[in-house]
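> quick one: sequence and predicted model below, then my questions.
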Amino acid sequence: MKLAIVQFKPRKGDVEANLAALGDVLAQLAGEEKPYDLVIFPEAALTGYFLEGAVYELALTAADLAARLARLWRERAGTKAGPLDLALGFFENAGGTYHNSALYLHVDGERHEIVHVHRKLFLPTYGVFDEERFLSRGRRLQAFETRFGRMALLICEDMWHALMPTIAAIKGARALIVPSASPGRGIEGGDGELDSVRYWRELLHASAVEHGVFIFYAGLVGFEGGKGMTGSSRVVDPRGETLAEAPALGACIVRAEIDFAEVDLARASLPLLGDLGAVLPDLLSDDELLPAMARELRP
């Protein structure tokens, strides 16, 4: 599978301009010698992230977004518009309920199909974040079939809760797609690297090793209200090695060739996922678990 992760810098609140810029990227990719199979864009790619109440005006239905993306691919790729899968983060209007969502779309000729829509479960509402003031959270994490194998979508903070990639892997995901919009925070090391960039790198690598999965991380870039998004898009293989990465600043495209046979080899050499599948039912049936969680959450 030939993969492109587009580290994207949107114009805040300007859906039409961002769609046009996205179309420019698709045209560029279509012009390369070997066609791409999957193209991934970050969280909130069409609007920017910090929208507050403007999310209600700019949110799209999944069906409308899918139709527009499919049309854009056909128009901008022209005669080179072969089959393509797209994953993209957006603010969704689902019948008057608003979500921070990610769409996985398959386009083939005049036909397109919404393969999956994931709605972000963990909505940060602390520090500079205020998602839960304006959005409703998702209720379920699903793995879904693609023409390349089973995958799952996790949006930004979803990935920070270790249970999420675990559930995705237990449900059969062989790759995790992670659209993100992560503001830069903290400089404690002597190398000048932002703490948030280092934390993301360590988190993605550890999760890939534990679950034997590929991780495709797509980071937003640009400044919104003085807060800088820290890109750092990367492709991590099932052994925790970075295959390709982008810098923290600036729009760019990360390219990689993916062989999903590597998942089987990684899981055979380090069968942690198999061990987890055997032990997890006992852990979840522990009658102390829910009372302990209730005590932890009690004010």
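Received the coordinates, thanks.

> neighbouring contacts of the helix or strand hosting Val39?
Val39 belongs to strand 38-40 when assigned by DSSP states H and E. The set of residues external to strand 38-40 that reach it, using C-beta atoms under 8 Å, 6 or more residues apart in numbering, is 1-6, 25-26, 29, 84-88, 148, 177, 179, 216, 218. For glycine as for every other residue, the C-beta is placed from the backbone atoms N, C-alpha and C.

> ok, now stretch 63-77?
With C-beta under 8 Å, 6+ apart as the contact definition, stretch 63-77 has outside contacts at 19, 22-24, 26-27, 30, 46, 60, 81, 84, 86, 88, 90, 92, 103, 105, 107, 110, 112, 114.

> next, the buried residues of it.
For stretch 63-77, burial by neighbour count (16 or more other C-beta atoms under 10 Å) applies to 65-66, 68-70, 72-74, 76-77.

> may I see the ChimeraX selection of the buried members of the contacts of stretch 63-77?
One line in ChimeraX is enough to select the buried ones among the contacts of stretch 63-77; burial here means 16+ other C-beta under 10 Å:
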select :19,22,23,26,27,30,46,60,81,84,86,88,90,92,103,105,107,112
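
> okay, and which of the contacts of stretch 63-77 map to helices?
In this view, those that belong to helices under DSSP state H are 19, 22-24, 26-27, 30.

> got these as CSV, with distance to Glu224 and pLDDT columns?
Putting the ones in helices among the contacts of stretch 63-77 into CSV (distance: C-beta to C-beta, whole Å; pLDDT from 0 to 100) gives the following:
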residue, distance to Glu224, pLDDT
Leu19, 19, 97
Leu22, 18, 97
Gly23, 22, 97
Asp24, 21, 97
Leu26, 24, 97
Ala27, 26, 96
Ala30, 30, 96
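
> now, which of those residues sits nearest Gly222?
Nearest to Gly222 among the ones in helices among the contacts of stretch 63-77: Leu22, at 14.2 Å, using C-beta to C-beta.

> tell me which residues touch that closest one, please.
Contacts were defined as C-beta under 8 Å, 6+ apart; by that measure Leu22 touches 6, 8, 41, 45-46, 69, 72.

> check Phe90 too.
Counting by C-beta under 8 Å, 6+ apart, Phe90 touches 44-47, 59-60, 65, 101-103.

> low-confidence ranges, the stretch 101-250 of the chain, go.
Applying pLDDT under 70 to the stretch 101-250 of the chain flags residues 186-192.

> again, only using 80
184-193 (pLDDT under 80).

> quick one: the strands in it?
Assigned by DSSP state E, counting those that start in this stretch, the strands in the stretch 101-250 of the chain fall at 111-119, 143-146, 149-153, 175-180, 214-219, 221-224, 227-230, 234-236, 242-245.

> just put these in JSON lines and tack on distance to Val197.
Shown next, in JSON lines, are the strands of the stretch 101-250 of the chain (distance: least, C-beta to C-beta, whole Å):
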{"stretch": "strand 111-119", "distance to Val197": "24"}
{"stretch": "strand 143-146", "distance to Val197": "28"}
{"stretch": "strand 149-153", "distance to Val197": "22"}
{"stretch": "strand 175-180", "distance to Val197": "11"}
{"stretch": "strand 214-219", "distance to Val197": "9"}
{"stretch": "strand 221-224", "distance to Val197": "12"}
{"stretch": "strand 227-230", "distance to Val197": "5"}
{"stretch": "strand 234-236", "distance to Val197": "10"}
{"stretch": "strand 242-245", "distance to Val197": "10"}
